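Colleague: Provided below are the primary sequence and the corresponding predicted coordinates.
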Amino acid sequence: MKFNIIFLIIYFFSINVFSQESLENILSEIDDSESSSAVTSTFKSTRIINGHSVELASPKSLEFRIAHRFGPINNGFYDIFGLDAATIKMSFEYGINDKMMAGFGRSSYQKSYDIFFKIALMKQTKGVNSKPFSLYYVNSESINTLRYDPKISFQNRISYSHQLLLAKKINDNFAFQLSPSLVFSDFENYDKHSFFIVGAAGKYMLSKRMALNVEYFYRLKHENDNSVGYINIFENNYNSLSIGIDIETGGHVFQLHFSNSSPMIEKGFLLETNKKWSDGTIHFGFNISREFSIGKKSSTKEW
């Protein structure tokens, strides 16, 4: 009898404890599901290779970026597989807050200066009321400062680009991005002044701190108006294709890649890529960036 009474006491006590724990677990799950969290590190850098990614510089931080493209590798040892020649771009990129950044750069390509502004319209989140992808807008402008004879007007030296960046991080290993782009340029009497390009890019993690990136920009062809003295931009230029590796080393990201584009401003790699992979006229290059805190301590990015 005593054993039965003790058993019943333990039984009812266990049910009570289990019920309380179950209730707490249910409430905890409900509380967790009501909150949503941002998906981070879709890409490691603010650039995938040439094009922008859906990443921003940390708020109140300044990134100094050096982008370098050597000459085409198909000349072999004559110019050390392109190492004798180089196109370089240096830029400063500032994180205004967690939704906006801006930047300024100087490129040796056409001695160009450029500025850009990038804003997050929507960020991918997980949890209840999750958002399935990230949506960003990028506006960039560049000016060609080469000396010409006869002189080219100021208006014809300027180009503008507008881009939407739609990206989704599928899991910890894979992410992709679409980049519909519109470029306006009057330079060199192009047969048209506006051009539409669709970009696609993907990232695959090879290890915790190393990723493989592929980036491609397809130019939608247009009707040539056959006007005398005008240049059809599709005759001697090609779609941009780049393949690279991201290496995260703590204070900076080191990007190594091959590309048929040597220009690193939007007008350049979107419209004026004059090399082809099939000819072996591809460029080895790298991007390297270093982030500096300004004012308040910037947030730490995760891989």
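Modeller: Perfect, I can see it now.

Colleague: which SSE is immediately downstream of the longest strand along the chain?
Modeller: Scanning the chain for the longest strand, with DSSP state E as the assignment, gives strand 194-207. Once strand 194-207 ends, the next helix or strand along the chain (criterion: DSSP states H and E) is strand 210-219.

Colleague: name the nearest residue to the most centrally placed residue in the chain, sequence neighbours excluded.
Modeller: Against the mean C-alpha coordinate of the chain, by C-alpha atoms, centre = their mean, the closest residue is residue 53 at 1.8 Å. Closest residue to residue 53 apart from its sequence neighbours, by C-beta to C-beta, 6 or more residues apart in numbering: residue 43 at 3.9 Å. Placement of C-beta: from N, CA and C, glycine included.

Colleague: against residue 264, how distant is the one you found?
Modeller: 17 Å (C-beta to C-beta, to the nearest Å).

Colleague: quick check on the two: which one has the bigger neighbour count.
Modeller: Between residue 43 and residue 264, counted using other C-beta atoms under 10 Å, the more crowded position is residue 264 (28 against 22).

Colleague: my read: that one touches residue 107, true?
Modeller: Yes. Between residue 264 and residue 107 there is a contact at 5.8 Å, judged by C-beta atoms under 8 Å.

Colleague: any shared contact partners between those two?
Modeller: Shared contacts of residue 264 and residue 107 (C-beta atoms under 8 Å, 6 or more residues apart in numbering): 87, 89.

Colleague: residue 176: what's it in contact with?
Modeller: Residue 176 is in contact with 167-168, 170, 200-203, counting by C-beta under 8 Å, 6+ apart.

Colleague: if you could redo that for residue 44, that was the one I meant.
Modeller: So residue 44 contacts 55, 203, 211, 246, 248, 253, 303 (C-beta under 8 Å, 6+ apart).

Colleague: the closest residue to it other than its chain neighbours - how many residues pack around it?
Modeller: Leaving aside its sequence neighbours, residue 44 sits nearest to residue 246 (C-beta to C-beta, 6+ apart; 4.8 Å). As a burial measure, residue 246 scores 25 neighbours (other C-beta under 10 Å).
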